[in-house]
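K.L.:
Fold the following for me, if possible:
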Amino acid sequence: MSTDESMRDELAARLHEAFESGDPIGRLTASHDLTIEDAYDIQSRFINHRIDDRDSVVGHKVGLTSDSIQDQLGVDEPDFGRLLDSMFVDGQTSGQRTLGVHNSPGDPRRRGVGQHRRSLIRSTTATGFQPTPFHEPDPDDEWLLRFEDNNETRSSLQEGVTKSIIALPAYVPLYHTMPEIPSIHHVTAFCDDPQENYNFFTNVLGMRFVKRTVRFDVPEKIYHLYYGDEEGTPGTIVTYFPMTNMPMEDGMVGKGMMRSVGLTIPDGSVEYWKDRFEDHGVDYTVDERFDETALEFTDPDGLPFELVTGKSEIEPYTAGNDVPEEHAIRGMFNTTVHSNDPAGTMDVLETMGWDRVGEATHPQQGDRIRYEAPGDAPCATIVDVLIRPNAPQGVMGVGTYLHVAYRVKDGWQQDEISDILRENGYITTSTKDRDYFHSRYITEPGGTVFEYATDGPGFEIDQSPDEYGEELKVPNWLEVDVERIEEMLPPLETN
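P.N.:
Numbers count the residues shown, from 1 in each chain. All right, here's what the predicted structure looks like:
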């Protein structure tokens, strides 16, 4: 190598800084005499910076096809590249691996349209091949794991990719990262009577009434009620559509939908909540799993919830209720998804960059596979996939969940997530304006609707936090008469 280690470290750090900021820098070879070995080493160091940041890095081929470069690197494969095990092995990093790709007609690593990344990896493992490196993609097909073998592709690789790697442009799509999805954003469900729902969440559970708005497609008939912490922090929000003015049949929680939501309580608070539930006539059961205690109960319409002992950085909300601060709810802990297709549900979570971290078995109640979000969100970082193949199918209606929403930073990252999901075979909707956030949706293979909701604009766009929930709020763009709508909606008295 022509540069010393400290210089390669410095150049890798500059490359990482440019990647994080999105501001390109000039070609590194313009100011430094870099060999191809330097280029590989700098890119490897750059990737390690991203792994240190807990990025979920998925590799395209760092491809080298010319004979002279193969000779320089001491390899004789027609398509040579270097990836990291951590790009393909869930939750495991075992360093760099040099990979050679065989271009035989029967190579199982040829990826057809609609073939998922996980299927490709399984097929290569089953036949004894290592996961393949891939050619440098066009901007339009970035992330697709294609393997092409024709003269035109070889020529473009030889003349294009080789030069770009040696020149080391600072910001090129050699690697594509799923933007971080750090936690659950909110959950939404159906209820019947808004007053009964409000009384339960504020007076029994002690949650804050954050927002009273409407369902935007039928604003004169259906409220949209939001509960959470004092600030309405993403990860604390439970929302409801009360269906009083549009009668809806009672649903049945079952396979193919969300099973329950866990709300975080401190260790040592279980006995307090048992006593409180008994005082308020709330039936409950107790379960132990993953070294946690879960107090299982339902809302007034039979929708399952749990109080789960766990850690949270959310400050408890105690104004306007009689729940002591040391026992108060601190945001969501988890959601449980009862999947029709557990492998499909898990594939979506893994595509999202969530890590499989545990399993809990039960002789009667089904098994749980636990996933945890990347990053350090203050709460709501767990999804459990419930596996009960013989359980009855769920039926949407009052007393069931509509969807679970996951946090995304902004609209740009939301578009990136949508592109990656689509390229892995999942159909996403266009962006929907929910006023306080913007959303895209998929129906994951197991049947649950997953939403991807932006952190902003937030609940302060139409009320200050000390006024949350005091009056009906409707976005200006809806162009409706708020007073007339209030007269048509069911009565709702708040504290």
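K.L.:
Could you pull up the contacting residues of the residue positioned nearest the centre of the chain?
P.N.:
In the chain, the residue lying closest to the centroid (C-alpha atoms, centre = their mean) is I181, at 4.1 Å. Residues near I181 by C-beta atoms under 8 Å, 6 or more residues apart in numbering: 352-354, 373-374, 406-408, 417, 452. Where C-beta positions appear, they are placed from N, C-alpha and C, glycine not excepted.
K.L.:
mind redoing it with 7 Å?
P.N.:
Shown in contact with I181 (C-beta atoms under 7 Å, 6 or more residues apart in numbering): 352-353, 373, 406-408, 417.
K.L.:
cool, H224 as well?
P.N.:
Neighbouring residues of H224 by C-beta under 7 Å, 6+ apart: 213-215, 239, 241.
K.L.:
how about a cut-off of 8 Å?
P.N.:
Neighbour list for H224: 211-215, 239-241 [criterion: C-beta under 8 Å, 6+ apart].
K.L.:
Disregarding flanking residues, what is the spatial nearest neighbour of it?
P.N.:
Nearest non-adjacent residue to H224, counting by C-beta to C-beta, 6 or more residues apart in numbering: T213, 4.9 Å away.
K.L.:
so that neighbour sits in a helix?
P.N.:
No - T213: not assigned to a helix; according to DSSP: H, G, I helix; E, B strand; the rest coil it is strand.
K.L.:
can you put the contacts of I181 in CSV and add distance to S439, neighbour count and pLDDT?
P.N.:
Converted to CSV, those look like this (distance: C-beta to C-beta, whole Å; neighbours: other C-beta atoms under 10 Å; pLDDT from 0 to 100):
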residue, distance to S439, neighbour count, pLDDT
M352, 15, 23, 94
G353, 19, 22, 92
A373, 18, 23, 96
Y406, 10, 24, 98
R407, 11, 24, 98
V408, 9, 28, 97
I417, 12, 24, 92
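K.L.:
Would you check that V482 makes contact with L472?
P.N.:
Yes - applying C-beta atoms under 8 Å, one finds V482 in contact with L472, separated by 6.2 Å.
K.L.:
So the two - more neighbours on which side?
P.N.:
Under the criterion of other C-beta atoms under 10 Å, the comparison of V482 against L472 puts L472 first, with 17 against 14.
K.L.:
In contact with that one, which residues?
P.N.:
Going by C-beta under 8 Å, 6+ apart, the list of residues near L472 reads 212-214, 482, 485-486, 489.
K.L.:
Of those residues, which is the nearest to E359?
P.N.:
Taking C-beta to C-beta as the measure, E359 lies nearest T213 of the contacts of L472, at 39.6 Å.
K.L.:
The closest one and D435 touch, don't they?
P.N.:
Yes - between T213 and D435 there is a contact under C-beta under 8 Å: 7.3 Å.
K.L.:
Please identify every residue contacting each of the two.
P.N.:
Common neighbours of T213 and D435, using C-beta under 8 Å, 6+ apart, are P475.
K.L.:
Quick one: the strands in the stretch 351-495 of the chain, in order.
P.N.:
Along the stretch 351-495 of the chain, counting by DSSP state E, counting those that start in this stretch, strands occupy 355-360, 367-372, 382-387, 401-408, 432-433, 437-443, 449-457.
K.L.:
Name the spans of the stretch 351-495 of the chain whose pLDDT lies under the cut-off.
P.N.:
Nowhere does the stretch 351-495 of the chain drop to pLDDT under 70.
K.L.:
Number of residues surrounding the residue nearest to T428 when sequence neighbours are not counted?
P.N.:
Ranked by C-beta to C-beta, 6+ apart and with sequence neighbours excluded, the top spatial neighbour of T428 is S418, at 4.3 Å. Residues near S418, counting by other C-beta under 10 Å, number 21.
K.L.:
How much space separates the residue nearest to the centre of the chain from T429?
P.N.:
Counting by C-beta to C-beta, to the nearest Å, the gap from I181 to T429 is 17 Å.
K.L.:
mind listing what's buried in stretch 258-268?
P.N.:
The neighbour-count check on stretch 258-268 (16 or more other C-beta atoms under 10 Å) flags 258-266 as buried.
K.L.:
quick one: contacts of it?
P.N.:
Taking C-beta under 8 Å, 6+ apart as the rule, stretch 258-268 contacts 187, 205, 238, 253, 273, 294-296, 304-312, 314, 326-338, 379, 382, 386, 400-401, 403-404, 448.
K.L.:
Now, of these, which are buried?
P.N.:
187, 205, 238, 253, 273, 294-296, 304-310, 312, 314, 327-338, 379, 382, 386, 400-401, 403-404, 448.
K.L.:
still on that earlier bit, distance check, the residue nearest to the centre of the chain against G235.
P.N.:
12 Å.
K.L.:
Check N476 too.
P.N.:
Taking C-beta to C-beta, one finds N476 at 28 Å from G235.
K.L.:
ok, now G375?
P.N.:
From G375 over to G235 the distance is 12 Å, taken as C-beta to C-beta.
K.L.:
and for the two, which residues touch both?
P.N.:
Common neighbours of G375 and G235 (criterion: C-beta under 8 Å, 6+ apart): 183, 381.
K.L.:
Helices of the chain, start to end?
P.N.:
Secondary structure of the chain by DSSP state H: the helices cover 5-21, 36-52, 67-73, 117-126, 151-156, 162-167, 194-199, 270-279, 342-351, 411-423, 482-488.
K.L.:
which one of those helices has the lowest average pLDDT?
P.N.:
For those, mean pLDDT drops lowest on helix 162-167, to a mean of 28.
K.L.:
which residues does the closest residue to K409 other than its chain neighbours contact?
P.N.:
Nearest residue to K409 in three dimensions, chain neighbours excluded: D455, at 6.0 Å (C-beta to C-beta, 6+ apart). Going by C-beta under 8 Å, 6+ apart, D455 touches 185, 234, 407-410, 437.
K.L.:
same deal with M332?
P.N.:
So M332 contacts 184, 187, 235-236, 238, 261-264, 379-380 (C-beta under 8 Å, 6+ apart).
K.L.:
quick one on the thing from earlier: just the buried residues of the contacts of L472.
P.N.:
212-214, 485-486, 489.
K.L.:
For L15, state which of those is nearest.
P.N.:
T213 (45.2 Å).
K.L.:
Quick check: that closest one vs Q414, distance?
P.N.:
The gap separating T213 from Q414 is 21 Å, by C-beta to C-beta.
K.L.:
returning to what we had before: with distance to M346 as extra columns, can I get the strands of the stretch 351-495 of the chain in JSON lines?
P.N.:
Formatted as JSON lines, the strands of the stretch 351-495 of the chain follow (distance: least, C-beta to C-beta, whole Å):
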{"stretch": "strand 355-360", "distance to M346": "7"}
{"stretch": "strand 367-372", "distance to M346": "6"}
{"stretch": "strand 382-387", "distance to M346": "6"}
{"stretch": "strand 401-408", "distance to M346": "15"}
{"stretch": "strand 432-433", "distance to M346": "26"}
{"stretch": "strand 437-443", "distance to M346": "15"}
{"stretch": "strand 449-457", "distance to M346": "13"}
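K.L.:
Which residues outside stretch 342-356 are in contact with it?
P.N.:
With contacts defined as C-beta under 8 Å, 6+ apart, stretch 342-356 is touched by 56, 90-91, 116-118, 178, 180-181, 337, 339, 369-374, 383, 385, 387, 406, 417, 420-421, 424, 426, 442, 444-446, 448, 450.
K.L.:
next one: it to chain centre, how far?
P.N.:
On the basis of C-alpha atoms, centre = their mean, to the nearest Å, stretch 342-356 sits 9 Å off its chain's mean C-alpha point.
K.L.:
If anything else comes up later, I'll come back, but that's it for now.
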